[in-house]
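Trainee: Attaching a predicted model along with its sequence, questions to come.
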Amino acid sequence: MTWPCGIDMDSLTQDAFFNGRIQVKQHRSGYRFSIDAVLIAGHAKPRPEDTVLDLGTGCGIIPMILAYRHPAIKVYGIEVQPQLAELAALNVEENNMGDQISILCMDMKTLQSDTISGPVDLVISNPPFRKAESGRINPNQQRAIARHEIKATIFDVVETARRMLPLAGRFITVYPAERITDILSQMRSAAIEPKFVRTIHSDTNTEAKLILVGGSKGGRPGVKTSGVLGMGTLGS
């Protein structure tokens, strides 16, 4: 795939996962993935032969972790920012994961099933957490779009998941604990019934800052809750 931006290789850093078996390049001064992405990748449980869709893939970290841990799945990463989409494609290529992972540079709001040859089994997203009008907007455009609902809101994420999932298809996301009502109500209104909520704590004596939420399209009401520590969930 040809990308329009061109990457300044000197502006990138490189990190390693799984004892160096995955190498991840990131922009030194742009948006960089956080523990949120690692958490959701560690808790997602795709089934063999599943097709997985990652909305807002950034540098491609979630598809790469999932592809490494589940070699029989196919993953599509959607990224609206051309520079990040190009970087994700580079990471996929350099980790020899092109047979499993496809990166598409596009707005998720325009994504249709026929764009990726049919519905998917599992939709994952580490979406922007903050409303566009709340807090200080980061002057770095990559970081601003990734953190604030500028290009996509939680409505857009959940609506895209609804559109791309068949009946009984699964959705999982990570979100601020203080916005739990927003994500649960949005999922139910899109007919994605919440099935589990896991609160994420940095220590046993701290309040949850994040939640992992999973749901099933057309599922019956009934949600399970649990709490986990945020570190040590990915494995090696």
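Mentor: Good, I have the coordinates. Numbers count the residues shown, from 1 in each chain.

Trainee: element containing the residue lying closest to residue 127 once chain neighbours are set aside?
Mentor: The shortest distance from residue 127 to any residue other than its chain neighbours is 4.6 Å, reached at residue 157 (Cβ to Cβ, 6 or more residues apart in numbering). C-beta here means a position set from N, CA and C on the backbone, and glycine is covered the same way. Taking DSSP states H and E as the criterion, residue 157 maps to helix 154-164.

Trainee: Only the buried residues of that helix, if you could.
Mentor: Of the residues in helix 154-164, those with enough neighbours to count as buried (16 or more other Cβ atoms under 10 Å) are 154, 156, 157, 158, 159, 160, 161, 162, 164.

Trainee: May I have stretch 109-123 as PDB, with CA atoms only?
Mentor: Written as PDB, here are the backbone C-alpha positions of stretch 109-123 (Å, rounded to 0.1, in the frame of the first residue of the first chain):
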ATOM      1  CA  LYS A 109     -17.900   6.700  10.300                       C
ATOM      2  CA  THR A 110     -17.700   5.800   6.700                       C
ATOM      3  CA  LEU A 111     -16.700   2.200   7.200                       C
ATOM      4  CA  GLN A 112     -19.000  -0.500   5.800                       C
ATOM      5  CA  SER A 113     -18.900  -4.200   6.000                       C
ATOM      6  CA  ASP A 114     -18.100  -4.600   2.300                       C
ATOM      7  CA  THR A 115     -15.000  -2.400   2.800                       C
ATOM      8  CA  ILE A 116     -13.400  -5.400   4.600                       C
ATOM      9  CA  SER A 117     -15.300  -8.200   2.900                       C
ATOM     10  CA  GLY A 118     -18.000  -8.800   5.400                       C
ATOM     11  CA  PRO A 119     -18.900  -8.300   9.100                       C
ATOM     12  CA  VAL A 120     -16.400  -9.000  11.800                       C
ATOM     13  CA  ASP A 121     -16.600 -11.200  14.900                       C
ATOM     14  CA  LEU A 122     -15.000  -8.800  17.400                       C
ATOM     15  CA  VAL A 123     -14.600  -5.000  17.500                       C
END
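
Trainee: related to what we said a few turns ago, what residues sit buried inside the helix or strand following the helix holding residue 157?
Mentor: For helix 154-164, the succeeding helix or strand toward the C-terminus, using DSSP H and E, is strand 170-176. For strand 170-176, a neighbour-count test (16+ other Cβ under 10 Å) marks 170, 171, 172, 173, 174, 175 as buried.

Trainee: re earlier: how close does the residue nearest to residue 127 sit to residue 214?
Mentor: For residue 157, the distance to residue 214 under the criterion Cβ to Cβ, to the nearest Å works out to 14 Å.

Trainee: The residue of the chain most remote from its centre and residue 199, how far apart?
Mentor: The outermost residue of the chain, judged by C-alpha distance from the chain's mean C-alpha position using Cα atoms, centre = their mean, is residue 205 at 27.7 Å. As for residue 205, its distance to residue 199 is 13 Å (criterion: Cβ to Cβ).
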